[in-house]
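Novice: Provided below are the primary sequence and the corresponding predicted coordinates.
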Amino acid sequence: MATGPATTRGGKGSRPLLRFLAYARPYRRHLLVSMLMTVFFVVLSAALIWLVGPLVGTLFGTHVLSPSTVSLPVANTGGVAGFLAHAKTTVLGWMHDLIVRPDPLATLARLCVAVLLISLLKNLVLYAQTFIVALVQQRLIRVLRDQLFAHFHDLSLAYFTRTRTGLIISRVAHDVRILNDMLDLGFSHLLRDPLLVLALLGSLFVISWQLTLLALLVLPLSVAAMAIVWRYMRRYSRRSQERMADLNSILEESVGGVRVVKAFGMEEYEVARFGQANRAYYRAMVKMARVRLGSSPVNEFLGTVAGVAILWFGGRAVLSGSGLSPSEFLTYIFLMFSMIQPVKALANVHAKIAEGQAAAERFFDALDTPIEVQDLPGARPLDSFTHGIVYDNVGFHYGRGAWVLRQINLSIPRGQSVALVGPSGGGKSTLCDLLARFYDPVEGAIRLDGADLRAFTVRSLRAHLGVVTQDVVLFNDTVAKNIAYGCPDADPARLRRAAEAAFALEFIDAMPEGFDTVIGPRGAKLSGGQRQRLAIARAIFKDPPILIFDEATSALDTESEFAVQRAIDNLLRDRTALIVAHRLSTVRNADLIAVVDGGRIIERGRHDELLARGGLYRRLYEMQFAEEPVAADNDVASRPVL
């Protein structure tokens, strides 16, 4: 499993955004360089705007760059006002010495060169800063996806039985995408734009602190508007993600079950079901957009109010000649307009952070889901299997539900096969799931060579198991990669031997590209019998000492069942097997048959013994072969057997 800060449980009291940002610790140096470049960018941006004054003075012949021409005498002013006046005198004097020349054309040439150089350097710094941020951002997102995906695979089957597939997909894809968007705006703008606003605001104070204080009167209103947006965005973002999970679930179910949908003529029903969920998602997104998009016009209008006030009072001061010079006022206006873009960007960052916080909460809720089946402290690898498997007074229930299994005692010596038969819902498949440690017993223990299964690591235990089920899971990949699942460099000769033992070689060789043929999602290009034989070939290729067959032939026609049973017969040689069977003819040769009903083993013995007892096994057998006498063993023997 991937490692990271979130592997330590933060609890519900932890702050998701702070926990999320902890993932950036390995990239502290990258972010420090990015911050330094951001500072350079802000300084260069402010310097570019300050050149407006010299440009106006050069073009219109008002030599305002000389320190002697500033409007406020430094010597007669003290305190903050004096400091600001001294700062303005210093900046204007420095720019005068650097740019102004006796010849206006020479001054203009220097101005043009300065603008070009500052603009070039500013954009180079911006590119480097944004690239570093993008690199860190994509690495963080990769780590998040890897860690969440790995965590999902560490969870027990119980999580997946109670959680919608669409919700899981939404967590890995959609929530991580929202976090990616938040990082994109956050790392790119959260430092740069506030610094730029502060630099421009400081410049405004230097030019005229009176006008700047007037403009700041609207600040409390903007802060209040952003606080309202923050609160509603978190609420609506969570709601929209729930609706997206509903959409994903319906889409996955409808596409995965398209054969059933078409067979029952339920296309209109599925379209209506999807449309209803889509409308719910639409309503949630409209509410979120209404709040998010409404904040920008409000803040922009408030900024316009401040701008109009500045135009009025500043313009009066210029016209009366008692305050600012024309070039100073024009520079002030340019600084004000330059603040609009970063302020609006900050408003968007604010909304994205609100969405990101909701996504981070959902992400860490999923990542904090406890792993119910995991390696215990001191668990050791399972190196070999020599004696047998024992179910020792095993009991199990799901969550707080009713008992599924009670007082199960069963012994499976090495090299023997035990068949589990009985009515549906009796607990047969659960017995197999416990052996594979998909779940752990609630009471009792399953022992392998005398040791509790929980004494071994989960990975090493499952390396000794091969599982073939009725619902065969194949991947949208080649035949070869499905047989040699998890073994990318498989020996072709070994692949052919496994396919031949599973009686799959004939149909594989008949495919257009043989073992390199892609079989489609879940093996859609194959028949049921072919899929089953491919699953058996996969188990043969793995060559495990312990096999689990869960209704491996119940969904097949007679011809396919015969081929699959021959493949199973090859697979069972010299192996220990636990077999769940619905067709009793397939378990006649099992070393032991256990009849499971109501979560208990009520009968056990060989085929002939159980028939002779006249219990549940005999009744099940007679229901399957009602037209044939029970004693007609020759007829039974003529059927394909396991």
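Specialist: In hand now; what should we look at? Residues are numbered from 1 along each chain as shown.

Novice: tell me how the chain divides into domains.
Specialist: Each domain of the chain is listed here as a residue range: 15-367, 472-543, per automatic domain parsing.

Novice: give me whichever of those domains is most buried.
Specialist: Highest mean neighbour count among these (mean count of other Cβ atoms under 10 Å): domain 472-543, with a mean of 18. All C-beta atoms are positioned from the backbone trio N, CA, C, and that covers glycine.

Novice: for it, measure first residue to last.
Specialist: Start and end residues of domain 472-543 are separated by 18 Å (Cα to Cα, to the nearest Å).

Novice: and what of stretch 357-375?
Specialist: Using Cα to Cα, one end of stretch 357-375 lies 33 Å from the other.

Novice: give me the distance from it to the chain's centre.
Specialist: Relative to the chain's own centre, stretch 357-375 is displaced by 11 Å; criterion: Cα atoms, centre = their mean, to the nearest Å.

Novice: hang on, the earlier thing: nearest to Ala567, out of the domains of the chain?
Specialist: domain 472-543 (4.2 Å; Cβ to Cβ).

Novice: pLDDT averaged over the closest one - what is it?
Specialist: Mean pLDDT, domain 472-543: 86.

Novice: got it, and stretch 582-598?
Specialist: What stretch 582-598 shows for mean pLDDT is 84.

Novice: which of the residues in that stretch are buried?
Specialist: 582-588, 590, 592-597 (16 or more other Cβ atoms under 10 Å).

Novice: next helix or strand past the helix or strand hosting Gly166?
Specialist: In the assignment (DSSP states H and E), Gly166 maps to helix 165-169. Going down the chain from helix 165-169, the next helix or strand is helix 176-189, by DSSP H and E.

Novice: out of the domains of the chain, which is closest to Arg454?
Specialist: domain 15-367 (13.1 Å).

Novice: right, and Leu571 touches Ile536 too?
Specialist: Yes: between Leu571 and Ile536 there is a contact under Cβ atoms under 8 Å: 5.8 Å.

Novice: Leu376: what secondary structure?
Specialist: Secondary structure for Leu376, judged by DSSP: H, G, I helix; E, B strand; the rest coil, is coil.

Novice: count of residues packed around it?
Specialist: By other Cβ atoms under 10 Å, the residues close to Leu376 number 12.

Novice: quick one: contacts for the residue nearest to it when sequence neighbours are not counted?
Specialist: Closest residue to Leu376 apart from its sequence neighbours, by Cβ to Cβ, 6 or more residues apart in numbering: Arg454 at 5.4 Å. By Cβ atoms under 8 Å, 6 or more residues apart in numbering, Arg454 lies in contact with 376, 379, 437, 440, 445.

Novice: could these go into JSON lines alongside pLDDT, distance to His397 and secondary structure?
Specialist: Output for the contacts of Arg454, formatted as JSON lines (pLDDT from 0 to 100; distance: Cβ to Cβ, whole Å; DSSP: H, G, I helix; E, B strand; the rest coil):
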{"residue": "Leu376", "pLDDT": "87", "distance to His397": "21", "secondary structure": "coil"}
{"residue": "Ala379", "pLDDT": "90", "distance to His397": "24", "secondary structure": "coil"}
{"residue": "Arg437", "pLDDT": "90", "distance to His397": "17", "secondary structure": "coil"}
{"residue": "Asp440", "pLDDT": "90", "distance to His397": "12", "secondary structure": "coil"}
{"residue": "Ala445", "pLDDT": "94", "distance to His397": "16", "secondary structure": "strand"}
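
Novice: okay, helices next: where are they in the stretch 1-150 of the chain?
Specialist: Using DSSP state H, counting those that start in this stretch, the helices assigned to the stretch 1-150 of the chain run over residues 16-21, 28-50, 52-60, 79-99, 104-154.

Novice: same list, the ones you listed, but as a markdown table with distance to His464 please.
Specialist: A markdown table is the format used below for the helices of the stretch 1-150 of the chain (distance: least, Cβ to Cβ, whole Å):
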| stretch | distance to His464 |
| --- | --- |
| helix 16-21 | 38 |
| helix 28-50 | 44 |
| helix 52-60 | 77 |
| helix 79-99 | 77 |
| helix 104-154 | 19 |
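
Novice: for those helices, which one sits closest to Val343?
Specialist: Counting by Cβ to Cβ, and looking across all of these, nearest comes helix 28-50 at 14.0 Å.

Novice: for the closest one, packing partners?
Specialist: The contact analysis (3 or more Cβ pairs under 8 Å, 6 or more residues apart in numbering; DSSP states H and E) places helix 28-50 against helix 104-154, helix 192-207, helix 326-367.

Novice: between these, which gets nearest to Gln276?
Specialist: helix 326-367 (22.8 Å).

Novice: could you point out which element follows the closest one?
Specialist: The helix or strand immediately downstream of helix 326-367 is strand 388-397, counting by DSSP H and E.

Novice: quick revisit: now the contacts of Arg454: which count as buried?
Specialist: So, by 16+ other Cβ under 10 Å, the buried ones in the contacts of Arg454 are 379, 437, 440, 445.

Novice: may I have the beta-bridge partners of the last one?
Specialist: Read that as Ala445. With DSSP bridges applied, Ala445 shows beta-bridge pairing to Asp392.

Novice: residues contacting it?
Specialist: Ala445 touches 392-394, 452-454, counting by Cβ under 8 Å, 6+ apart.

Novice: can you redo the residues you listed as a markdown table with pLDDT and distance to Leu610?
Specialist: Output for the contacts of Ala445, formatted as a markdown table (pLDDT from 0 to 100; distance: Cβ to Cβ, whole Å):
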| residue | pLDDT | distance to Leu610 |
| --- | --- | --- |
| Asp392 | 94 | 24 |
| Asn393 | 94 | 23 |
| Val394 | 94 | 22 |
| Asp452 | 93 | 31 |
| Leu453 | 92 | 28 |
| Arg454 | 92 | 33 |
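
Novice: which among those gets closest to Val343?
Specialist: Ranked by distance to Val343 (Cβ to Cβ), the contacts of Ala445 are led by Arg454 at 59.2 Å.

Novice: about what we covered before: report the buried members of the contacts of Ala445.
Specialist: Counted by 16+ other Cβ under 10 Å, the contacts of Ala445 give 394, 453-454 as buried.

Novice: contacts only, for Thr478.
Specialist: With contact set as Cβ under 8 Å, 6+ apart, Thr478 has these partners: 513, 515-519.

Novice: that older thread, among the buried residues of stretch 582-598, which ones are in helices?
Specialist: Among the buried residues of stretch 582-598, none falls in helices (DSSP state H).

Novice: switch the residues you listed over to CSV; also include distance to Met182.
Specialist: As requested, these are arranged in CSV below (distance: Cβ to Cβ, whole Å):
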residue, distance to Met182
His582, 52
Arg583, 56
Leu584, 59
Ser585, 61
Thr586, 56
Val587, 57
Arg588, 63
Ala590, 58
Leu592, 59
Ile593, 59
Ala594, 56
Val595, 58
Val596, 52
Asp597, 55
